[in-house]
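whatever this is, show me its structure:
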Amino acid sequence: MVMKKAFYTVVVITILALSLIPACTAAVPDTTPAPQKITLNFVDQWKLDHFVVKNVMEVFAEIEKRSKGRLEIIRTGGAEIIPAADQLTACGKGSIDMVVGATTYFAGVVPEAAILGLPVVPWNFNTEFKLSNAVGDDLDKIFQKKVNVKCLLSSYCPCGMYIFTNTKEVTSVADMKGLKIRTIGGLDSLLLDALGAVPTRVASAEVYSAAERGIIDGGSRPTAAVIDWKEYEVWKYMVKTPLSFQPLCQFFINLDTWNKLPSDIQKLLIDTPLAISPSWLKYYEDTENAAIAALAAKGVKVVDLKPDEIKKWQSIPVPVAEAYFLKQNPENGQLLLDELKTAAK
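Model prediction:
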């Protein structure tokens, strides 16, 4: 009888113990540490309300979303924080994590970046993505070596540089002869000279008055600048075939910062902009076409060159652009040119 009672006692105790196990397990707190949030700061070269900045902010917001709260990318400011020409160097030294900027500001630091949009092959909204990515890997290696930054995206927000005139309608290359055309200098001047024009340096803020006073006969200008500065009031004609096709900015990150990031975050920073790039190109193409239509509505005659003149317009600057690029980049120039031409075929 005593043994029987003892047996039942053991059974009851065992059942009670087993019933308590889930409760004890549930009460144990999860001590697994949550992934530490990563914060990256960036500067750009424009004002907060600039359309490029707005689009960049949307891209970074998408990256943050895909990171599921693990990554935050904060805009510190524009050129008022770090002068545009100094931003890439500052990024390489670790003064800022990231930079979104136009390659023209970095020409003295990494002249190889001028391969993007270089008119040795036909650049347009249809070819831009393929051409820029063809040289992207080698450009990235050059940026890493020269400035200690990684290039996350080779090209973003391309735009055409067009010829606007106020004294003469340009319908052929021959019509460019002797025209005083405003230029930003550098390769732009050489391309104008090759087409027979007289390159004339004038600051952006002074283009309107220079045209109005007859100091210049025209200008090499993006459509956005003509609209922003109301130059449609002084220009009568626009050649629809661009003189060159330039990317407004690239994405960069300090190399040391990059190397410390988890591999999945690195992948997000590369893959997300690449995935969005085709829609960007469509957006900017539509924006450019809308700008041209707006200029036409304001009285600027948009001139469509004939096919044989387009061929001349595009072919004459090729040897000039190639020679200029090779002179600026004796070490890496030929490699990049070969890659670009192969992609163009």
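
switch to C-alpha atoms for all contacts and neighbour counts from now on
Fine.

where does pLDDT dip in the stretch 51-200 of the chain?
154-156 (pLDDT under 70).

can you pull out the strands in it?
Assigned by DSSP state E, counting those that start in this stretch, the strands in the stretch 51-200 of the chain fall at 71-77, 98-101, 149-165, 180-183, 198-201.

of all those, which gets the most neighbours per residue?
Between the strands of the stretch 51-200 of the chain, strand 98-101 has the highest mean count of neighbours, a mean of 28, where neighbours are mean count of other Cα atoms under 10 Å.

adjacent strands (with direction) for that strand?
strand 38-43 (parallel), strand 237-254 (antiparallel) (DSSP bridges).

quickly, which of those strands bottoms out on average pLDDT?
Among the strands paired with strand 98-101, strand 237-254 carries the lowest mean pLDDT, at a mean of 91.

what's the closest of the strands of the stretch 51-200 of the chain to Lys306?
Set against Lys306 and scored by Cα to Cα, those come closest in strand 149-165, at 15.8 Å.

quick one: strands adjacent to that closest one?
strand 218-221 (antiparallel), strand 237-254 (antiparallel).

just the C-alpha atoms of the last one, please, in PDB.
Presented in PDB, the C-alpha positions along strand 237-254 are these (Å, rounded to 0.1, in the frame of the first residue of the first chain):
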ATOM      1  CA  TYR A 237      17.400  78.800 -82.000                       C
ATOM      2  CA  MET A 238      18.400  75.500 -80.500                       C
ATOM      3  CA  VAL A 239      20.200  72.600 -82.300                       C
ATOM      4  CA  LYS A 240      18.400  69.400 -81.100                       C
ATOM      5  CA  THR A 241      21.500  67.200 -81.600                       C
ATOM      6  CA  PRO A 242      23.500  67.600 -78.500                       C
ATOM      7  CA  LEU A 243      27.200  68.700 -78.500                       C
ATOM      8  CA  SER A 244      27.900  66.200 -75.700                       C
ATOM      9  CA  PHE A 245      26.000  64.100 -73.200                       C
ATOM     10  CA  GLN A 246      27.000  64.400 -69.600                       C
ATOM     11  CA  PRO A 247      26.100  62.700 -66.300                       C
ATOM     12  CA  LEU A 248      25.300  65.200 -63.600                       C
ATOM     13  CA  CYS A 249      26.400  63.000 -60.700                       C
ATOM     14  CA  GLN A 250      27.800  59.800 -59.300                       C
ATOM     15  CA  PHE A 251      27.500  58.000 -56.000                       C
ATOM     16  CA  PHE A 252      30.600  57.600 -53.800                       C
ATOM     17  CA  ILE A 253      31.400  56.200 -50.300                       C
ATOM     18  CA  ASN A 254      34.500  56.300 -48.200                       C
END
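
tell me what the helix or strand just after it is packed against?
Per DSSP states H and E, the first helix or strand lying C-terminal to strand 237-254 is helix 255-260. Counting contacts by 3 or more Cα pairs under 8 Å, 6 or more residues apart in numbering; DSSP states H and E, helix 255-260 packs against strand 149-165.

tell me the buried residues in the top helix by length along the chain?
For the chain, the helix with the greatest residue count under DSSP state H is helix 263-297. Residues of helix 263-297 classed as buried: 265, 268-269, 272-274, 277, 280-281, 284-285, 288, 291-292, 295-296 (neighbour count, 16 or more other Cα atoms under 10 Å).

one step back: of all the strands of the stretch 51-200 of the chain, which one is nearest Val207?
Among the strands of the stretch 51-200 of the chain, strand 180-183 comes nearest to Val207, with 7.5 Å by Cα to Cα.

does anything pack onto the closest one? Which helices or strands?
Strand 180-183 makes packing contacts with strand 198-201, strand 218-221 when contacts are defined by 3+ Cα pairs under 8 Å, 6+ apart.

now those strands in CSV, with distance to Asp175?
As requested, the helices and strands packed on strand 180-183 are exported to CSV (distance: least, Cα to Cα, whole Å):
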stretch, distance to Asp175
strand 198-201, 12
strand 218-221, 12
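
and of those strands, who's closest to Lys68?
strand 218-221 (42.0 Å).

next, the angle strand 149-165 makes with the longest helix of the chain.
For helix 263-297 against strand 149-165, the angle by axes from the mean of the first three to the mean of the last three Cα atoms, to 10 degrees is 10 degrees.
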